[in-house]
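>>> no sequence on hand, only this structure:
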């Protein structure tokens, strides 16, 4: 990983809601400016000729930041993830899927969570540009917009920093 100043630090809102992952350098700057406090330390100290700074793992802001709830970004990968890498027409589980518009684009179907599903190549070819009724096909489950969980937003970091689990676990679940 590079310098210790580039290590990740979990930044919590005043109410302990996880906000973002910052660097140690940014976290120390927030602490020195009085904008944050150290919640968890586990990395020792950083020494300068005149001062010692505790190297934080988790910091909490001193004031509440109001922001809208995060949303899962619509992408191919996220559609596959929502559908469990399963074709929504035949139930085949595969890593080689395509994204299908339930209502075809040329018939006014939008690229939204509610209109996109995972489909194997055979089912996507069979459906083509038809509606479900015209293709005589049906969906295994109704498409929906997934809710972002703390594990979804910060899951990759939690695997590396187990101490963050207690701060991330319950949010948005």
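Cool, got the structure. Since this is a predicted model, take the numbers as computed values, not measurements.
>>> what about residue 44, which SS state?
State at residue 44, reduced to three classes by DSSP: H, G, I helix; E, B strand; the rest coil: strand.
>>> nearest residue to it in space, please, no chain neighbours.
Take residue 44 and drop its neighbours on the chain: the residue closest to it by CB to CB, 6 or more residues apart in numbering is residue 55, 5.5 Å away. Using the backbone N, CA and C atoms, a C-beta is placed for each residue, glycine as well.
>>> that neighbour: neighbouring residues, count only.
The local packing of residue 55 (other CB atoms under 10 Å) involves 19 other residues.
>>> mind listing what the helix or strand hosting it pairs with, with the direction of each?
Residue 55 is part of strand 52-61 when elements are defined by DSSP states H and E. In the sheet containing strand 52-61, its partner strands are strand 8-12 (parallel), strand 36-47 (antiparallel), by DSSP bridges.
>>> contacts for the helix or strand following the first one?
Downstream of strand 8-12, the first helix or strand assigned by DSSP H and E is strand 18-23. Contacting residues not belonging to strand 18-23 are listed as 5-13, 30, 59, 61, 65, 67, 150, 153-154, 157, 164, 167-168, 171 [CB atoms under 8 Å, 6 or more residues apart in numbering].
>>> just the mean pLDDT for strand 18-23, thanks.
Averaged across strand 18-23, pLDDT comes to 90.
>>> between it and strand 8-12, how many degrees?
Using axes from the mean of the first three to the mean of the last three CA atoms, to 10 degrees, the inter-axis angle of strand 18-23 relative to strand 8-12 is 150 degrees.
>>> what's the neighbour count on residue 16?
14.
>>> same question, residue 100
24.
>>> can you check residue 121 too?
By other CB under 10 Å, the residues close to residue 121 number 13.
>>> could you list the buried residues of the strand holding residue 55?
Neighbour-count burial for strand 52-61, with 16 or more other CB atoms under 10 Å as criterion, is recorded at 55-61.
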